[in-house]
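Novice: Test case, fold it:
(one chain, ligands or ions: 3)
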Amino acid sequence: GIPSNAIDMIMVLEESSSSGSGGGSNVLHESTIGYQITLMGKIGAGRFGNVSRGIYRGESVAVKVFKGTDENAFAKEVEIYETNMLRHPHVLRYIGSDRVDKKNITQMWLVTEYHPSGSLHDFLEENVINLETWYNMIRSTANGLAFLHSAVAGTKCSRKPQIAHRDIKSRNIMVKNDFTCAIGDLGLSLTSYTKGNVDSGTISAKCGTVRYLAPEILNGTINMDLFESFTMADVYALSLVMWEALCRCEEDEIVAREPEEVIPYFEWSQRDPTDEVMCDIVCTQNLRPSENPEWRKHPKMKNALDVITVCWSGNPTARLSALQIRMTLEKQQMQMRLTPPSSLLSSASALISPSRE
Ligand code: ADP
Ligand code: MG
Ligand code: MG
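Specialist: Ligands and ions are numbered 1, 2, ... in the order given. This next block holds a predicted model:
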């Protein structure tokens, strides 16, 4: 390993070698991305250790630090992020990964674009939103999810597999500065390539976060042979996220719910519920997160609620696809004349242009 104060030295050496004198080859080895990042404070925690803000070439990045024992989790997430054609404005942007030696232990770093507002979960804890922001946040998330779910046909470098996320929840969605969102934490994602190459029996449907598991996963009725079964389960999880965000929405006389009550199924379940408890709530009793009675009386809120309720249907095929959610919200948003931010505009204007009112 190298002492931490060596990082500055490397940066200096790098600069001098790039000024044309050559002979920087001994530096190249230790000037990989990890050695060019200075870690600042911790910004989040998850199942696999901590996420910190780092400074890379003068700009903030997010660094997810995996411990040595989580080699598999690291390798899997890197593999997904390195899938060809994965770039999308509403999927967390991957910057790189590295193994970094610190005090004789190797850490594995996954580096992504840094979003100062943090996860949607954390954002909604601190802020209430209006319906316009709800549309921008949810539409962009559905946009990112529709992109993950879609396959792009093509030659080796220009094709993209279908990707089911399998851990959609408000903690795994980041809030960007324009109040649109980017889907992150691809660690549990399943690609149609992987699915096609292994026996369905070796894939575990019950992964992710128990509270967000779709009814067909909880009761084992999911058809594991169909890739779409996994994308339909993502849509169910997204419906819970849509509900969480709607709970924090204030519009006209409607007031936001307190953050402690914005956890799906909190009324019936403790912290870290077991699959048995969730199966009883979601499948046996067929309960769903509770509605604010004012929502249905408010024509605009009702539109949003209608999308949510169809997406948490117990019948997976009755749910909208992520693409249908995106298009439905786009249409509703235009009819209600709520303004989308520029990153969502291109598709909206394409829809506006043919009709001249
Ligand atoms: P895990 O797989 O351990 O759950 P995540 O990738 O979900 O790790 O990250 C954990 C938390 O760190 C997130 O819930 C979020 O609060 C924060 N975080 C992760 N990536 C970023 C990022 N790029 N920008 C800002 N915050 C982030
Ligand atoms: Mg996470
Ligand atoms: Mg994860």
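Novice: So out of everything in this protein, what residue is nearest ligand 3?
Specialist: Minimum separation of the chain from ligand 3 (CB to the ion) falls at residue 187, amounting to 3.8 Å. The way it works is simple: take the backbone N, C-alpha and C, and place the C-beta from them, glycine included.
Novice: Please, which helix or strand holds the closest residue to that residue other than its chain neighbours?
Specialist: Excluding the flanking residues, the one nearest residue 187 by CB to CB, 6 or more residues apart in numbering is residue 77, at 4.2 Å. Here residue 77 sits within helix 71-81, counting by DSSP states H and E.
Novice: Would you mind giving me the confidence score for the residue nearest to residue 187?
Specialist: At residue 77, the pLDDT value in this model is 96.
Novice: cool, and residue 11?
Specialist: Residue 11 is given a pLDDT of 40.
Novice: Next: residue 156.
Specialist: pLDDT, residue 156: 82.
Novice: Helix, strand, or coil at it?
Specialist: coil (DSSP: H, G, I helix; E, B strand; the rest coil).
Novice: Residue 239 too?
Specialist: helix.
Novice: thought it was touching residue 305?
Specialist: No. Contact status for residue 239 versus residue 305: not in contact, 10.6 Å apart, counting by CB atoms under 8 Å.
Novice: So for these two, which sits in the more crowded spot?
Specialist: Taking other CB atoms under 10 Å, residue 239 and residue 305 do not tie; residue 239 has more neighbours (26 against 18).
Novice: which residues touch the more buried one?
Specialist: 308, 309, 311, 312, 319 (CB atoms under 8 Å, 6 or more residues apart in numbering).
Novice: for residue 289, same thing?
Specialist: Residue 289 neighbours (CB under 8 Å, 6+ apart): 240, 243, 264, 265, 312.
Novice: With residue 132 instead?
Specialist: Going by CB under 8 Å, 6+ apart, the list of residues near residue 132 reads 338, 339.
Novice: which element is it on?
Specialist: Assigned by DSSP H and E, residue 132 falls in helix 131-149.
Novice: So in that sheet, which strands flank the helix or strand following that helix, and in what orientation?
Specialist: Once the chain leaves helix 131-149, the next helix or strand it forms, by DSSP H and E, is strand 163-164. Sheet pairing for strand 163-164, assigned by DSSP bridges, gives strand 190-191 (antiparallel).
Novice: For residue 63, give its distance to ligand 2.
Specialist: Remark: distance between residue 63 and ligand 2 (CB to the ion, to the nearest Å) = 14 Å.
Novice: Near ligand 2, which residues of the stretch 151-300 of the chain are found?
Specialist: 172, 185 (CB under 5 Å from the ion).
Novice: quick one: contacts for the closest residue to ligand 2 within the stretch 151-300 of the chain?
Specialist: Ligand 2 sits closest to residue 185 of the stretch 151-300 of the chain, with a gap of 3.8 Å, by CB to the ion. Shown in contact with residue 185 (CB under 8 Å, 6+ apart): 46, 77, 92, 167, 171, 172.
Novice: Regarding the fifth one, what is its secondary structure?
Specialist: Taken by three-state DSSP, the conformation at residue 171 corresponds to helix.
Novice: Spell out, range by range, the strands that occur in the stretch 1-150 of the chain.
Specialist: Taking DSSP state E, counting those that start in this stretch as the criterion, the stretch 1-150 of the chain carries its strands at 37-46, 49-56, 59-66, 94-102, 105-113.
Novice: ok, the residue of the chain closest to ligand 3 touching residue 79?
Specialist: No. Counting by CB under 8 Å, residue 187 sits too far from residue 79 to count as a contact (10.1 Å).
Novice: the more surrounded of the two?
Specialist: residue 187 (26 against 14).
Novice: anything in the helix holding residue 77 near ligand 1?
Specialist: No. Helix 71-81 stays clear of ligand 1 (CB under 6 Å from any ligand atom), getting no nearer than 7.5 Å.
Novice: Identify all contacting residues around that helix.
Specialist: 48, 64, 66, 86, 94, 97, 108, 110, 112, 163, 185-187, 189, 191.
Novice: can you do 6 Å?
Specialist: By CB atoms under 6 Å, 6 or more residues apart in numbering, the surrounding residues in contact with helix 71-81 are 48, 66, 94, 97, 108, 110, 186, 187, 189.
Novice: Show me the beta-bridge partners of the residue most central in space within the chain.
Specialist: The centroid of the chain falls nearest to residue 183 when counting by CA atoms, centre = their mean (2.4 Å). Assessed by DSSP bridges, residue 183 has beta-bridge partners residue 91, residue 173.
Novice: Skipping adjacent residues, who's closest to residue 220 in space?
Specialist: residue 205 (7.9 Å).
Novice: Near ligand 3, which residues of the protein are found?
Specialist: Neighbours of ligand 3 within the chain, by CB under 5 Å from the ion: 185, 187.
Novice: Below-threshold pLDDT in the chain: ranges please.
Specialist: Filtered on pLDDT under 70, the chain yields the residue ranges 1-30, 346-357.
Novice: tell me how far stretch 190-206 is from the chain's mean position?
Specialist: 20 Å (CA atoms, centre = their mean, to the nearest Å).
Novice: for the nearest residue to residue 37 once chain neighbours are set aside, which residues make a bridge with it?
Specialist: Counting by CB to CB, 6+ apart, residue 54 is the residue found nearest to residue 37 once chain neighbours are left out, at 4.2 Å. Following DSSP bridges, residue 54 is listed with bridge partners residue 39, residue 61.
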